[in-house]
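*Asks:* A structural model of the following input is requested.
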Amino acid sequence: MANASLPADAPIVLTPGEVNLATLRLVHAGGVRLALHASARAGLAAAQAIVRHIVEAGEVVYGINTGFGKLAQTTIPPGRLAELQRNLVLSHSVGTGEPLAAGVVRLVLATKAVSLARGHSGIRPEIVDALLALFNAGLLPRIPAKGSVGASGDLAPLAHLACVLIGEGEVTAPDGAVIGGAEALRRIGLAPFVLGPKEGLALLNGTQVSTALALAGLFGAEDVLAAGLMAGALSLEAIRGSVKPLDARIHAARGQPGQMAVAGALRALLEGSRIVASHAHCGRVQDPYSIRCVPQVMGACLDNLDHAARVLAIEANAASDNPLVFDNGDVISGGNFHAEPVAFAADIIALAIAEIGAISERRMALLLDSGLSGLPPFLVRDGGVNSGFMIAQVTAAALASENKSLAHPASVDSLPTSANQEDHVSMATFAARRLAEMVNNTAVVVGIEAMAAAQGIELARGDGAGTADAPRSSPLVEAEFAAIRQRVAFIEQDRFMATDVESMRLWALRRDGGGWPAPLAALLPSRA
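*Replies:* Numbering: from 1, shown residues only. You can find the predicted model right below:
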């Protein structure tokens with residue numbers, strides 16, 4: 001696991017079964033090296049010895065010396081076992097679409113190594129070492145994004161990974177060049193593997209691609225959750241909203257943990273706000289739900305992300321190929337490759353991402369409505385000649401609506417494969433893959449809201465530059481306001497806004513390397 005006391009060039013040591021979300025986030029981000037904990041090697045060797053004994057004794061065991069899927073009743077003679085494993089890898093390399101993103105491939109390499117190193121797969125330790133060597137050299141297999149139904153493992157995408165180990169397929173080098181699998185192995189000092197019994201199957205079975213995609217979606221969802229809360233705090237200040245709905249007693253009376261945590265984070269964000277104090281007795285009774293019910297809505301989103309994070313942390317450490325080898329010599333065929341837990345986790349992440357964007361878009365609409373916000377229409381002076389944020393809100397509405405369609409559960413779908421042997425599948429790979437698009441959509445929405453709220457705060461202060469005696473928000477909110485102003489200027493008159501929108505998307509995703517204020521970071525499952 002990650003160790004903050006390690007020198008910068010020391011590898012992160014992976015202990016199978018104990019790799020946590022913080023480590024997986026570092027793997028996704030890149031710029032780290034990985035090593036396998038020495039304790040895993042004994043289990044790898046023991047399981048491989050069991051497989052070797054089965055072959056030498058002439059026993060017939062599925063996945064070791066039989067065909068696969070519907071062809072499981074076909075026994076393969078010892079002299080053709082290497083051919084069987086190579087053909088399995090090649091025949092399953094039928095993915096299509098754009099290659100998976102680099103961060104996702106890094107997660108696939110790491111989680112596949114961790115899964116195999118649990119000692120239930122019966123493969124040589126050298127194969128795990130090769131996966132980590134590819135990772136450390138920045139040699140990333142080109143894995144097509146489409147072609148898996150998330151059952152019997154992520155067969156097609158993992159076959160493209162396995163192809164590299166036998167000297168086939170393609171790899172993206174650190175300089176962006178595409179090279180062949182054999183050349184990638186040569187660069188790490190290896191010759192192509194001749195796969196032994198079960199090794200090809202162990203590489204192809206497993207949920208690592210679905211899990212990697214879902215983890216990447218989770219990390220993005222954490223950022224847009226934090227961005228949505230910060231944007232919500234800015235919007236509350238812009239309209240001089242009430243903080244009474246954040247009172248801890250309200251949320252304790254209900255008892256939902258995410259709701260209580262979000263309310264606490266917002267109270268901490270707004271602590272010391274002179275804007276809040278300036279209208280304490282204004283007589284405002286109730287704000288619209290998009291302001292008043294932020295803890296209830298975003299808290300529910302947080303609870304969903306927390307649950308998904310627990311599922312994915314388990315799955316990232318799981319032995320999910322088939323059959324599994326146990327230390328008493330049993331080799332048991334089951335179904336750990338079925339990615340239903342990942343599909344469900346991805347679906348609830350999707351719901352959270354969609355709702356974060358939906359409530360953010362409503363707050364932005366509130367900001368633009370002078371009858372509700374008390375601010376100039378569309379947040380611009382000289383309206384009519386200037387349209388201000390009018391069409392930026394249309395963009396936000398379009399993306400929030402698009403996410404509603406994308407949030408439809410993928411896990412409720414199933415289409416039988418392999419001549420009905422695999423008659424129920426999870427669709428986890430698509431469930432997880434669509435999260436990246438949803439995260440980007442919501443990042444745009446909350447980024448536009450934050451930009452609009454910053455505009456509203458300045459308008460409320462009296463002029464574009466702000467007045468010296470106008471009340472300021474809390475130190476944490478003012479720091480974020482300043483960060484936004486470093487990205488986008490106050491809009492005095494209409495200008496080309498697409499670059500502002502993109503800059504705020506990057507703000508929401510923290511793509512500049514910055515972190516979130518402590519009250520927000522403490523909420524996030526992979527950073528808490």
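*Asks:* quick check: residue 35 is in a strand.
*Replies:* Yes. Assignment of residue 35 by DSSP: H, G, I helix; E, B strand; the rest coil places it within a strand.
*Asks:* tally up the residues packed near it, please.
*Replies:* 13 (other C-beta atoms under 10 Å). In this view, the C-beta of every residue, glycine as well, is placed from N, C-alpha and C.
*Asks:* I'd assumed residue 12 was in contact with it.
*Replies:* Yes. Here residue 35 lies in contact with residue 12, judged by C-beta atoms under 8 Å, at a distance of 7.3 Å.
*Asks:* any regions of the stretch 1-150 of the chain where pLDDT drops low?
*Replies:* The model of the stretch 1-150 of the chain has pLDDT under 70 over residues 1-8, 69-70.
*Asks:* quick one: the helices in it?
*Replies:* Secondary structure of the stretch 1-150 of the chain (DSSP state H, counting those that start in this stretch): helices located at 21-29, 40-57, 81-91, 102-116, 125-136.
*Asks:* buried residues, the longest one. List them.
*Replies:* Buried residues in helix 40-57, counting neighbours by 16 or more other C-beta atoms under 10 Å, are found at 40, 43, 44, 47, 48, 50, 51, 54, 55.
*Asks:* how far away is the residue nearest to residue 105 when sequence neighbours are not counted from residue 31?
*Replies:* Nearest residue to residue 105 in three dimensions, chain neighbours excluded: residue 140, at 4.4 Å (C-beta to C-beta, 6 or more residues apart in numbering). Between residue 140 and residue 31 the computed distance is 14 Å (C-beta to C-beta, to the nearest Å).
*Asks:* these two - which one has more neighbours?
*Replies:* Between residue 140 and residue 31, counted using other C-beta under 10 Å, the more crowded position is residue 140 (27 against 9).
*Asks:* surely the more buried one and residue 175 touch.
*Replies:* No. With contacts defined as C-beta under 8 Å, residue 140 does not count as touching residue 175, sitting 11.9 Å away.
*Asks:* pLDDT below threshold where in the stretch 301-450 of the chain?
*Replies:* In the stretch 301-450 of the chain, residues with pLDDT under 70: 418-423.
*Asks:* same thing but 90
*Replies:* 335-339, 370-374, 379, 382-383, 388, 410-428 (pLDDT under 90).
*Asks:* ranges for the helices of it?
*Replies:* 340-368, 370-373, 390-406, 428-433, 435-461.
*Asks:* mind giving me the packing neighbours of the second one?
*Replies:* Counting by 3 or more C-beta pairs under 8 Å, 6 or more residues apart in numbering; DSSP states H and E, the packing neighbours recorded for helix 370-373 are helix 340-368.
*Asks:* the helix it packs on vs helix 435-461, what angle?
*Replies:* Interaxial angle of helix 340-368 relative to helix 435-461 (axes from the mean of the first three to the mean of the last three C-alpha atoms, to 10 degrees): 20 degrees.
*Asks:* and helix 340-368, what does it pack onto?
*Replies:* Helix 340-368 packs on helix 208-238, helix 289-292, helix 294-316, helix 370-373, helix 390-406, helix 428-433, helix 435-461, going by 3+ C-beta pairs under 8 Å, 6+ apart.
*Asks:* so which bits of it are buried?
*Replies:* 340-368.
*Asks:* and what of stretch 168-186?
*Replies:* When burial is assessed from 16+ other C-beta under 10 Å, stretch 168-186 yields the following buried residues: 168, 169, 170, 171, 172, 179, 181, 182, 184, 185.
*Asks:* how close does the nearest residue to the third one once chain neighbours are set aside sit to residue 429?
*Replies:* Meaning residue 170. The shortest distance from residue 170 to any non-neighbouring residue, by C-beta to C-beta, 6+ apart, is to residue 142 (4.3 Å). To residue 429, residue 142 is 16 Å away according to C-beta to C-beta.
*Asks:* more neighbours, the two?
*Replies:* It is residue 429, of residue 142 and residue 429, that has more neighbours when counted by other C-beta under 10 Å, with 31 against 20.
*Asks:* who are the contact partners of that one?
*Replies:* Contacts for residue 429 were tallied using C-beta atoms under 8 Å, 6 or more residues apart in numbering; they are 148, 149, 150, 154, 157, 209, 210, 213, 339.
*Asks:* pretty sure the first one contacts residue 157?
*Replies:* The reference is to residue 148. Yes. With contact defined as C-beta under 8 Å, residue 148 reaches residue 157; the gap is 5.4 Å.
*Asks:* the residue nearest to residue 95 when sequence neighbours are not counted pairs with what?
*Replies:* The spatial neighbour of residue 95 that comes closest, neighbours along the chain excluded (C-beta to C-beta, 6+ apart), is residue 144 at 3.2 Å. Going by DSSP bridges, residue 144 is paired in beta bridges with residue 99.
*Asks:* that older thread, do you know which of the helices and strands packed on helix 340-368 lies nearest residue 249?
*Replies:* Closest to residue 249 of those, according to C-beta to C-beta: helix 294-316, at 12.4 Å.
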